[in-house]
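Q: The following comprises the amino acid sequence and a computationally predicted model.
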Amino acid sequence: MNPGHGLDRNFFKKSLQKDGETFKSNLNEVNNKLDVDKEEMLEKFGKQCRIDLDLAEATVEKHLRYIERFLDWFDKHPAHATQEDLRDFLSKYKDRPGTRQGTTKSLRVFFREFMDMDIAEGFKVPRLSNGATIPPDKDELKQFYSALEKDRDRAIFLLYASSGMRKHEALDLKIKNRGL
């Protein structure tokens, strides 16, 4: 059984191969059998994400938001979705890389895990660029150090720069631990 629509894997194939029936009438039969309430589907998908996939609640809520947008846009049962449909939907977010990234991830989980369909697997998850981080050069570090006015600030800067400690590690230092 496919968890998303409650039909066996061969249902479509069997339905479309019946003698004497047209493709259109078979498709109508499929549509009738797949008439599932959107809220019910989202509830089942959320439950599967929480229990079967053991996803964090924030991740589940994110997936549910993105999939609800897709279902509202698609206006058919997702078993009828094609890669072209997903491509059209994702094209709405071409200029919004963060939304496109989340939507792509959610579609992949929804179709792979819930619908037992692999139509979303070929879509790459866009990487977000937060800008290239270029470390300061030696002259910039000297300039920064000379701009520090307090000895305490200079000591903290030198501690970070020479030890590689993280903020919480430096803040946890105690005088009694100085020999470690």
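A: Ah, there it is.
Q: mind checking how far Trp54 is from Val125?
A: Check again: residue 54 is Asp, not Trp. Here the distance between Asp54 and Val125 works out to 20 Å (CB to CB, to the nearest Å). Where you see a C-beta, it was placed from the backbone N, CA and C, and this is true even at glycine.
Q: Check Ile51 too.
A: Using CB to CB, Ile51 is found at 24 Å from Val125.
Q: Check which helices and strands the lengthiest helix in the chain is in contact with.
A: Secondary structure of the chain per DSSP state H: the longest helix is helix 57-74. Contacts defined by 3 or more CB pairs under 8 Å, 6 or more residues apart in numbering; DSSP states H and E place helix 57-74 against helix 38-51, helix 83-91, helix 97-109.
Q: would you list those helices in JSON lines and tack on mean neighbour count, mean pLDDT and distance to His63?
A: Putting the helices and strands packed on helix 57-74 into JSON lines (neighbours: other CB atoms under 10 Å; pLDDT from 0 to 100; distance: least, CB to CB, whole Å) gives the following:
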{"stretch": "helix 38-51", "mean neighbour count": "16", "mean pLDDT": "93", "distance to His63": "6"}
{"stretch": "helix 83-91", "mean neighbour count": "14", "mean pLDDT": "93", "distance to His63": "15"}
{"stretch": "helix 97-109", "mean neighbour count": "19", "mean pLDDT": "91", "distance to His63": "4"}
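Q: which stretches of the chain aren't confidently modelled?
A: When residues are selected by pLDDT under 70, those of the chain lie in 1-36, 129-133, 178-180.
Q: Now the residue nearest in space to the middle of the chain: closest residue in space, sequence neighbours ignored.
A: When the chain is reduced to its mean C-alpha position, the nearest residue by CA atoms, centre = their mean turns out to be Lys105, at 3.4 Å. Residue nearest to Lys105 in three dimensions, not counting chain neighbours: Val125, with 5.7 Å by CB to CB, 6 or more residues apart in numbering.
Q: Out of Asp54 and Val125, name the residue with the larger neighbour count.
A: Just comparing Asp54 and Val125: by other CB atoms under 10 Å the higher neighbour count belongs to Val125, 13 against 7.
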